[in-house]
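K.L.:
Predicted model, plus sequence, below.
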Amino acid sequence: MDRKEKKDEKGKELQEEGRRPDCVTTVCSGGTVLVVKGYLKQGGRETAADKMEKALRAEMDRRA
């Protein structure tokens, strides 16, 4: 099982437990709508904004 499959499995487990996502983002592009639901580690020190900032910085570095 690869990393993406593990994340998908964990997300399904959290949904089955009745836990609501910590963040939901909707992106519309042309005729496609993408809805991304995210769960953060309970008791973690990093916020959703911190994680998004890290992801954006990594993407900017990758494109540079």
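P.N.:
Ah, there it is.

K.L.:
How is residue 34 assigned, secondary-structure-wise?
P.N.:
strand (DSSP: H, G, I helix; E, B strand; the rest coil).

K.L.:
How is the nearest residue to it once chain neighbours are set aside classified with respect to secondary structure?
P.N.:
With C-beta to C-beta, 6 or more residues apart in numbering as the criterion, residue 34 has its nearest non-adjacent residue at 4.6 Å, and that residue is residue 27. Every C-beta, even on glycine, is put in place using the N, C-alpha and C of the backbone. What three-state DSSP gives for residue 27 is strand.

K.L.:
And residue 27, what's its pLDDT?
P.N.:
Residue 27 carries a pLDDT value of 88.

K.L.:
do residue 11 as well
P.N.:
69.

K.L.:
To what extent is the nearest residue to residue 19 once chain neighbours are set aside buried, counted in neighbours?
P.N.:
Among residues not flanking residue 19 along the chain, residue 39 sits closest, at 7.0 Å (C-beta to C-beta, 6+ apart). Using other C-beta atoms under 10 Å, residue 39 has 17 neighbouring residues.

K.L.:
hang on, the earlier thing: I'd like to know how far the residue nearest to residue 34 sits from residue 5.
P.N.:
23 Å (C-beta to C-beta, to the nearest Å).
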